[in-house]
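Student: 3D, please:
(one chain, ligands or ions: 1)
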Amino acid sequence: MQAHEGHYIDGAWRPAAVPGDLIDVVNPATEAVIATVPAGTADDIDAAVTAARSAAGAWRATSREERLAALTRLRDGLAGHQDEIIATVVAELGAPRRLAQAVHGALPVAVATSVLEVLAEFSFEEKVGNSTVYAEPAGVVAAITPWNYPLHQIVAKVLPALAAGCPVVLKPAENTPLTAQLFAQFVHDAGLPPGAFNLVTGLGTVAGAALAGHPGVDVVSFTGSTAVGRRIGAAAGQNIKRVALELGGKSANVILPGADLTRAVKTGVGNAFLNGGQTCSAWTRMLVGEADYDEAVELAAKIAEGYAPGDPTDRSTRLGPLVSAVQRERVREYIRIGVAEGARLVTGGPEAPEGLDKGFYVRPTVFADVEPGMTIAREEIFGPVLSILRYRDEEHALEIANGTDYGLSGGVWAADPAQAAAFARRMETGQVDINGGAFNPAAPFGGYKDSGVGRELGRYGLEEFLQTQSLQF
Ligand code: NAD
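Tutor: Below is the predicted model of the structure:
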């Protein structure tokens, strides 16, 4: 795969401060090194933040129409290079091709279109009594993104920030820098002014930490693990910076009595295994009542076995490898812990899938008889592992659903959607799909509790990058 040797700073690819210091990009299916990218340092970050600060005045002064025109060109660039995007995400993330088309290629285009719609309509000025309140760009944005939805997460931060009038410095995950480099190329081709968008690749502990703590940054928008989010939040607090944190999850899929069990279980397993289970909003806990429990477990096992791991370049594959050897070992260890703590392994397990001795594959795994206190019911696993829990009645189901440190997403199924919605309104979580309601790229996305602070997408996503000034007359 073609990779840039430098960082994208101030409108051009520039040599890294320490040119020989490189990160290997590994194809998770073949374990081959497919490219190298620069491991950025604090000096690279400083150059990128300086470029962003220099561009800030001109970019904030652009009109709504000018930003709309530039971001439409960028959206069209994304839409026009789908094959290249999909091939890159398949190669560096191991996402199966069919899934890659929908969620790694098409979804970012839908999100970009939604940002354009919000920008076209947004009211940057409001009268409140004798005041005029202005929504102003919040300043230089540091965007730090994970590897699991590499392009979606970049688009969900960078486009609203630019739409708000903020220049951006992006530090993408070290596992998936090639998608980020492609994005930078589309920004370049869209003719955005130099410095409005900058990219520095590198390690989280070096480039990421330097960016999150840089005094020239006004807003830190981070998506990743709760552990790193805590550190970034602390640094932002110390420096009095705005911060948005999109963190982990342990979401519940609650199947109430009378629901369409087959649909609920099928959609639930698909959701838990989406992107190899490497999805922050995955419904990793399935909650089923006594009467439906055994049938649900049997169904889930059968459906899970249909997710045979395989070559992500094959169009029929539904489950690719995990992103890295580290991630594979982490997930296998959780499966061992599940067994050791007494959960019933219904299908899958910690062994390598048959016939796949190369690649970071994990068997699709379903546990039944999972108790709320077990490690696999509490901690985010980030792999194809589903835990099925049993509840006695609705109150018990709610107690289990809310009995987690996280609160990002969830699902509720019932014969009557109003009953499901009433249950969902009592869940401590940012998004809930009722009877399989479809993902909406304009709906606010973000967490309660340890799943984070702030919201992405739609109007709420734009507002993360705005601050207000009021004039009194
Ligand atoms: P991670 O926290 O290790 O890394 C995320 C990003 O932060 C990467 O770019 C990394 O280089 C950087 N980073 C790491 N240490 C840093 C530090 N000390 N200072 C600054 N930056 C640092 O997470 P990951 O393993 O890449 O991603 C998986 C996690 O992300 C999961 O926990 C998942 O739930 C979460 N996630 C959340 C959402 C959401 O929207 N809520 C979306 C996707 C993923």
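Student: tell me how many other residues surround residue 16.
Tutor: Applying other Cβ atoms under 10 Å, we find 23 other residues in the vicinity of residue 16. From N, CA and C alone the C-beta is placed, and that goes for glycine too.
Student: excluding its backbone neighbours, what's nearest it?
Tutor: On the basis of Cβ to Cβ, 6 or more residues apart in numbering, the spatially nearest residue to residue 16 that is not a chain neighbour turns out to be residue 38, at 3.8 Å.
Student: hang on, isn't that neighbour packed against residue 8?
Tutor: No: contact status for residue 38 versus residue 8: not in contact, 10.8 Å apart, counting by Cβ atoms under 8 Å.
Student: from residue 87, how far out is the closest residue in space to residue 82 that isn't next to it in sequence?
Tutor: Of all residues beyond its chain neighbours, the one nearest residue 82 is residue 105 (4.6 Å), with distances taken as Cβ to Cβ, 6+ apart. Taking Cβ to Cβ, to the nearest Å as the measure, residue 105 falls 10 Å from residue 87.
Student: so the residue nearest to residue 82: helix, strand or coil?
Tutor: helix (DSSP: H, G, I helix; E, B strand; the rest coil).
Student: that one contacts residue 85, correct?
Tutor: Yes: Residue 105 is in contact with residue 85 according to Cβ under 8 Å; the separation is 5.0 Å.
Student: residues shared between the contacts of these two?
Tutor: A shared contact of residue 105 and residue 85, defined by Cβ atoms under 8 Å, 6 or more residues apart in numbering, is any residue touching both; here these are residue 151.
Student: about what we covered before: higher neighbour count, residue 105 and residue 87?
Tutor: Set residue 105 next to residue 87 and count neighbours by other Cβ under 10 Å: residue 105 wins out with 26 against 17.
Student: residues contacting that one?
Tutor: 82, 85, 86, 89, 151.
Student: just put these in TSV and tack on secondary structure, pLDDT and neighbour count.
Tutor: Compiled in TSV, those are given as follows (DSSP: H, G, I helix; E, B strand; the rest coil; pLDDT from 0 to 100; neighbours: other Cβ atoms under 10 Å):
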residue	secondary structure	pLDDT	neighbour count
82	helix	98	16
85	helix	98	24
86	helix	97	21
89	helix	97	28
151	helix	98	29
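Student: just the closest of those to the ligand, please.
Tutor: residue 151 (12.3 Å; Cβ to the nearest ligand atom).
Student: would you mind measuring from the closest residue to the closest one other than its chain neighbours to the ligand?
Tutor: Taking Cβ to Cβ, 6+ apart, and ignoring the residues beside it in sequence, residue 151 has residue 108 as its nearest neighbour in space, at 4.6 Å. Relative to the ligand, residue 108 is positioned 14 Å away (criterion: Cβ to the nearest ligand atom, to the nearest Å).
Student: do residue 376 as well
Tutor: Where the ligand is concerned, residue 376 sits at a distance of 15 Å (Cβ to the nearest ligand atom).
Student: any idea how far residue 1 is from that residue?
Tutor: Distance of residue 376 to residue 1, computed by Cβ to Cβ: 35 Å.
Student: ditto for residue 428
Tutor: Distance, residue 428 to residue 1, by Cβ to Cβ: 42 Å.
Student: look at those two and report which has more neighbours.
Tutor: Looking at residue 428 and residue 1 with other Cβ under 10 Å, you find the greater number of neighbours at residue 428, namely 16 against 13.
Student: distance of that one relative to residue 399?
Tutor: 11 Å.
Student: enumerate every residue touching the residue nearest to residue 15 when sequence neighbours are not counted.
Tutor: On the basis of Cβ to Cβ, 6+ apart, the spatially nearest residue to residue 15 that is not a chain neighbour turns out to be residue 6, at 4.9 Å. Counting by Cβ under 8 Å, 6+ apart, residue 6 makes contact with 13, 14, 15, 16, 38.
Student: count of neighbours near residue 378?
Tutor: Each residue near residue 378 was counted by other Cβ under 10 Å, and the total is 15.
Student: what pLDDT is listed against it?
Tutor: Residue 378 carries a pLDDT score of 98 in this model.
Student: what about the nearest residue to residue 424 once chain neighbours are set aside, how many residues nearby?
Tutor: Using Cβ to Cβ, 6+ apart and skipping the chain neighbours, the partner closest in space to residue 424 is residue 432 (3.9 Å). Residues within reach of residue 432, counting by other Cβ under 10 Å, total 21.
Student: any idea of the mean pLDDT in the strand or helix carrying residue 170?
Tutor: Assessed by DSSP states H and E, residue 170 sits inside strand 168-171. With pLDDT averaged residue by residue, strand 168-171 scores 98.
Student: list of residues touching that strand?
Tutor: 40, 45, 48-49, 52, 140-145, 154, 157-158, 161-162, 180, 183-184, 196-202, 204, 207-208, 211, 217.
Student: ok, which of these also contact the ligand?
Tutor: Among the contacts of strand 168-171, the residues lying close to the ligand (Cβ under 6 Å from any ligand atom) are 144, 145, 204, 208.
Student: hmm, the last one is touching residue 144, no?
Tutor: Yes: between residue 208 and residue 144 a contact is recorded at 5.4 Å, counting by Cβ under 8 Å.
Student: could you say what helices and strands the longest helix anywhere in the chain packs with?
Tutor: Taking DSSP state H as the assignment, the helix of the chain that covers the most residues is helix 42-60. For helix 42-60, the packing partners by 3 or more Cβ pairs under 8 Å, 6 or more residues apart in numbering; DSSP states H and E come out as strand 7-9, strand 131-137, strand 168-171, strand 197-199, helix 209-212.
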